[in-house]
Every structure is written in C-alpha cells, then in structure tokens.
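In: Kindly return the folded structure for what I paste below:
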Amino acid sequence: MSMRSFHTKSVVAGLLFTCATLPLSAIAETVFVKYQGNVDLVPFHCETITRSSFINRLCYDQNEEYVIVKLNATYYHYCEVPAGMVDEWRKAVSMGSYYNVHVKRRFDCRINRVPSYE
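Out: Next comes the predicted model:
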C-alpha cells in the first residue's frame, strides 16, 4: 500500500468516526417551515414521532421557546411555547388531540415573538 493510499484511508476513517460520534443536533439540517421559510434545526432538539398518524416530527428550542412541528408532510412553527407544555405534548396519549386543543391557534407566531438566529 502506498503512503498516499494509507493517508487517504486514514483521513476517511477519521471523518467517518467524527461524524458517527457527533450528537445528532450538531449535524446541520434545514427545513422549510410554512409561513416562515427555511429554518436551521441546529439549536433544536428534534424527535421523530412514530405513535401519531398526524404528527411526524417535533423539534423544540427550549432557550427560545420555539417549536417546529411536522404535521403530515408540512412543517409549521409555534412561538413562545413553554417547556412544560412541550413535555406534556410529548407524553400525551394523543399528540394530535393535544396539539388541536393546547397548541394550535394559541402560540401563533404572527402574534408571539419569532426568534432571530443571527
């Protein structure tokens, strides 16, 4: 094996190890949010939801109290949502029902402060 081939394989192995050990939140991901545009999810804690037919993903930035939620195939955002409410939402028997009663129309980003990530 040539020295160049060995070096290339070492660099690739190092990159693979680094990517595999990074926390998921450190890997850049941007999603298109209806009524907002592109949002970088780096500051959010996101989880894929498999127990709901309506809610597919829930992302929350606790510092900014900012929720990005994927309803069916579309991302929406909600502003000034307290952490306790997000915890209750995650634990709700029906996440869709919880959303309809406690979140929808209550944390509208047209009324509440939209965080600025600059």
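In: From now on I want contacts and neighbour counts done on CA atoms only, so please keep to that.
Out: Will do.
In: what are the ranges of the strands in this protein?
Out: Using DSSP state E, the strands of the chain run over 30-33, 37-40, 45-48, 55-61, 66-71, 74-79.
In: Just checking, which helix or strand of the protein averages the lowest pLDDT?
Out: Sorted by mean pLDDT, DSSP states H and E, the helices and strands of the chain end with helix 3-21, the least confident at a mean of 46.
In: quick one, what contacts the nearest residue to M95 once chain neighbours are set aside?
Out: Spatially, and ignoring its direct neighbours in sequence, M95 is nearest to W89 (6.0 Å; C-alpha to C-alpha, 6 or more residues apart in numbering). Taking C-alpha atoms under 8 Å, 6 or more residues apart in numbering, we find W89 in contact with 95, 98-99.
In: for Q36, same thing?
Out: H77.
In: do the one 10 residues further on as well
Out: The contact partners of C46, by C-alpha under 8 Å, 6+ apart, come to 25, 57-60.
In: out of those residues, who's nearest D108?
Out: Y60 (15.1 Å; C-alpha to C-alpha).
In: That closest one against Y66, yeah?
Out: Yes. Using C-alpha atoms under 8 Å, Y60 is in contact with Y66, at 5.8 Å.
In: show me where pLDDT drops low in this protein?
Out: 1-27 (pLDDT under 70).
In: could you redo the last one with a cut-off of 80?
Out: Applying pLDDT under 80 to the chain flags the ranges 1-27, 118.
In: related to what we said a few turns ago, now the contacts of C46: which count as buried?
Out: Neighbour-count burial (16 or more other C-alpha atoms under 10 Å) applied to those gives 57-60.
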